[in-house]
Every structure is written in structure tokens, then in C-alpha cells.
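*Asks:* With the input below, show me the fold.
(one chain, ligands or ions: 2)
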Amino acid sequence: MAEPVTAGSEDLVLAGLTKKYGDFAAVDALDLTVPSGSFFALLGPSGCGKTTTLRMVAGLEVPTAGTVTLAGEDITRLKPYRRPVNTVFQSYALFPHLTIRDNVAFGPRRKGVSKREAAAEVNRMLDLVELGEYAGRKPAQLSGGQQQRVALARALINHPQVLLLDEPLGALDLKLRRQMQLELKRIQIDVGLTFIHVTHDQEEAMTMADTVAVMNQGRIEQMGAPEELYDLPRTTFVANFLGRSNLVAGSVTGTAGEEVSVQLDGGTVTAPVERAATAEGKVWVGVRPEKVHLKPAGDPAGGRGNELRDAVVSDVSFAGVSTEYVVRLPSGQELMVFEQNHTSQRRLHSGDRVDLTWAPEHTFLLDAAQDASAGTQFDDE
Ligand SMILES: Nc1ncnc2c1ncn2[C@@H]1O[C@H](COP(=O)(O)OP(=O)(O)O)[C@@H](O)[C@H]1O
Ligand SMILES: [Mg+2]
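*Replies:* Numbering: from 1, shown residues only. Ligands and ions are numbered 1, 2, ... in the order given. Here you go, the predicted model:
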């Protein structure tokens, strides 16, 4: 859980931060507190305003409105080089003619530190990113992942309070990406600085960050620990962009004690009242695909509270550890169901008649005024 914000803390605070290009707000009155020392992910689809936000924090872009405050100091108008902030970009932007050692020494050298004086710190940084033995090489003699680590060392040697990483792993292939995700996380824990990691990859954000802020159209939709966001999305965009969700149209019929009852096509389900973003009128009933279980139609065994009857399996795909089913409700709506492949389990086939069950505590309710397909159009990114 994030610590509560206290006055005079070391946090980075963005308040009402706005960047307009003509009439278009690339960043739209954004409010965000990044806890000091955290690995913070800013997650959102391409074009949602992530880079523009980072550039305003770095001082490379002047906000149209709002403030950037770091450790209690308003830095909104401070020149970039006066800010205790460094950026690592997707393109490593190393100096090709300089050795790795001299690339890393660049910041201290520019501040007038001699090569000799800088040497110990350069070595320390190269050890941190595990490139000590490559100090004498040129960038072109390193792999993409190694070059990215040099870029990281070159930023960290300046001892910024905040390190900004703009899609730093975007140019790497999948395997190297996974490796570098672990590396980056280790380095962040080692140095204990605030890392703001921008990515459009939800898996990357969830595996690396302590806190994830989901951004959409220039605003923060929801922020929290990865598990919290996944477990209880508060908007349809978050429900679809972070993992996958089934959203079924329903109408609230009442609240009894701690439970909200919802009528939908094919049955009545309940959800805990604290999992209802709205508990009146029309809602989207949400449940993650792996929380739903299938049983042969009419089989009374193994119900888990919420139940939808008389569905038909319309597609089955075997994915090794799990099987992914598409199941059609009587209304025609199709839901995703992911079942773990336990040996004891009987496989279902296309055309089988099934009932769906899931526990009320895995149900969430969202405002039906929101577009149920928000956040789904980015699956191929
Ligand atoms: N200099 C600019 N002039 C006009 N529009 C811009 C400019 N920079 C960015 N934008 C627009 O602002 C939006 C957000 O861009 P950006 O912050 O780069 O998004 P992201 O990094 O999330 O992909 C995009 O629609 C982009 O086209
Ligand atoms: Mg960008």
C-alpha cells in the first residue's frame, strides 16, 4: 500500500498539470503523487500523453497550466539542468565515438570533475549495471541491452532524485526485455531512487512496479499496487487495458447488508458493496476470465455463488497451462473463461451446454455509462 502523503515529504507531486497543443489537451489537468523511492509505472496506450508528462517533469516542455513539485519545492519553471531529474530514453543516445567509461563519465565531466576524480564513481556505476569489463569498448561493440544499461549508468551517476525512463526497453526483443525488467528492478532496489517507468505494456508495468498509474487520454484513470488494480478495476478502460475482463450488462435490484444484487440476462448475481463503483441502476457486471468456472448445464455440483445458466461453448483453445474457452450466453454475448489444466479435469468441447459460476467476491460493478469496449482496441500493441 502507498504511504499517505505528508507535507514536506520527498514525493514528486503533479497538480493540475496540463499541456495543450492548440485546442487539444495532450495532458489534461493531471493530478499525481509519486511516492519517493518507489518504482512507479505510468501505463497507457500510445498517444495518451505519457511522454509529454515526463517531458514536463524533466523541464523539456513548458506546461500550459499546473505545477510540478519535488520534495516540497516548486520546480515547474526550473531549467532542465537545474532539476534533480534525469531521463533514459528508448534510443540510448550514447556518444558513439566515446568509450563506455567516457560515456558514463559525461555528467561529472561536464560539471568540471576531472577524469581521475570521476574514475571511482564510474567504476561503481559500471559494476552496478554489471558492465565493468566493458569499460574500454565503444557503444557499437555492445548489444542493445548492454547499451541500455550504459545509458542507465550515465543517468544514475548524476545522482538524480528521480529517474525518468521513457519506454526504455521498447527496442529490445521479448527475451531480453524480460531479462532487463528484472535487472532494472534490481538496480532500483539497489540505489533506492524514485524510478518513473513509462510503458504501454501492461505486463511490464505489473511485474516491475510498486505502484501503477493507468493513463488514458491525458488523465489518470486509476492508481494503485498492481494486484489492487487487477483485482478491482474502477473503470471499463482499466478493466480491459490491464488484463482482460468480462463485462455483462445488468440492473441493480437492491442492496441487502453488504451485498448488491444485479439482474442480468440468465440470472441474478451479487457483488460485495465495496466492489461496486456504482450500486444503482444500470451497471456492467465485471469478472476476470480466470475467476469463472464451467460445469455441464444443470449439474448442481460445485457452484460458487454467482451462476449464469444455459450457455454454449463456442470456442476452445488449448494454451498449455490453461484452456481458454469462449462461451455464448442466451443473449448472444460471448464471455472468456480461462480454466487451469488440472489432470483430473474433463475438457469441454465446442457446442457443449454449460453453466458459468464464480464467487461473488470476484465480481465488480462499473458504471454502465462507460463504454464496455474502452481499452480493448490496444491488444496488438
Ligand atoms: N509537439 C506536439 N504538437 C502537437 N501534438 C503533440 C505534440 N507532442 C505530442 N503531441 C500529441 O499529444 C498526444 C500525446 O503524445 P505523447 O505524450 O507523446 O503520448 P505517449 O507518450 O503516451 O505515446 C498525442 O496525440 C500526440 O500526437
Ligand atoms: Mg511516448
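*Asks:* what's the longest strand anywhere in the chain packed up against?
*Replies:* As assigned by DSSP state E, the longest strand anywhere in the chain is strand 306-319. Counting contacts by 3 or more Cβ pairs under 8 Å, 6 or more residues apart in numbering; DSSP states H and E, strand 306-319 is packed against strand 267-272, strand 322-328, strand 353-358. The C-beta positions use only the backbone N, C-alpha and C, and glycine is treated the same way.
*Asks:* and if we set it to 10 Å?
*Replies:* Using 3 or more Cβ pairs under 10 Å, 6 or more residues apart in numbering; DSSP states H and E as the contact test, the elements touching strand 306-319 are strand 259-264, strand 267-272, strand 282-287, strand 293-296, strand 322-328, strand 334-340, strand 353-358.
*Asks:* Among those strands, which comes closest to ligand 1?
*Replies:* Among these, the nearest to ligand 1 by Cβ to the nearest ligand atom is strand 282-287 (25.4 Å).
*Asks:* can you give me the angle the closest one makes with strand 267-272?
*Replies:* 80 degrees (axes from the mean of the first three to the mean of the last three Cα atoms, to 10 degrees).
*Asks:* what about the strands in the stretch 101-250 of the chain?
*Replies:* In the stretch 101-250 of the chain, the strands defined using DSSP state E, counting those that start in this stretch lie at 162-166, 194-199, 211-216, 219-224, 246-256.
*Asks:* Pipe the ones you listed into a markdown table and attach mean neighbour count and mean pLDDT per row.
*Replies:* Shown next, in a markdown table, are these (neighbours: other Cβ atoms under 10 Å; pLDDT from 0 to 100):
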| stretch | mean neighbour count | mean pLDDT |
| --- | --- | --- |
| strand 162-166 | 24 | 95 |
| strand 194-199 | 24 | 96 |
| strand 211-216 | 24 | 97 |
| strand 219-224 | 20 | 97 |
| strand 246-256 | 17 | 95 |
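*Asks:* Redo these as JSON lines? Include distance to residue 181.
*Replies:* As requested, these are exported to JSON lines (distance: least, Cβ to Cβ, whole Å):
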{"stretch": "strand 162-166", "distance to residue 181": "11"}
{"stretch": "strand 194-199", "distance to residue 181": "9"}
{"stretch": "strand 211-216", "distance to residue 181": "14"}
{"stretch": "strand 219-224", "distance to residue 181": "20"}
{"stretch": "strand 246-256", "distance to residue 181": "28"}
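*Asks:* So which bits of the longest strand of the chain are buried?
*Replies:* 306-308, 311-313, 316 (16 or more other Cβ atoms under 10 Å).
*Asks:* Please work out the average pLDDT along that strand.
*Replies:* The average pLDDT for strand 306-319 rounds to 93.
*Asks:* can I get the CA coordinates of it in PDB?
*Replies:* Taking Å, rounded to 0.1, in the frame of the first residue of the first chain, the C-alpha atoms of strand 306-319 are listed here in PDB:
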ATOM      1  CA  ASN A 306     -22.900 -16.500  -8.900                       C
ATOM      2  CA  GLU A 307     -24.300 -18.500 -11.700                       C
ATOM      3  CA  LEU A 308     -25.400 -18.000 -15.300                       C
ATOM      4  CA  ARG A 309     -27.300 -20.900 -17.000                       C
ATOM      5  CA  ASP A 310     -27.800 -22.300 -20.400                       C
ATOM      6  CA  ALA A 311     -24.600 -21.100 -22.100                       C
ATOM      7  CA  VAL A 312     -22.900 -22.900 -25.000                       C
ATOM      8  CA  VAL A 313     -19.200 -23.300 -25.600                       C
ATOM      9  CA  SER A 314     -18.400 -21.600 -28.900                       C
ATOM     10  CA  ASP A 315     -14.600 -21.900 -29.000                       C
ATOM     11  CA  VAL A 316     -11.900 -23.800 -27.200                       C
ATOM     12  CA  SER A 317      -8.200 -23.100 -27.400                       C
ATOM     13  CA  PHE A 318      -5.600 -25.100 -25.600                       C
ATOM     14  CA  ALA A 319      -2.800 -22.900 -24.200                       C
END
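*Asks:* Just checking: what are the partner strands of it?
*Replies:* Here strand 306-319 is paired, per DSSP bridges, with strand 322-328 (antiparallel), strand 353-358 (antiparallel).
*Asks:* Just name the most buried of the ones you listed.
*Replies:* strand 353-358 (a mean of 21; mean count of other Cβ atoms under 10 Å).
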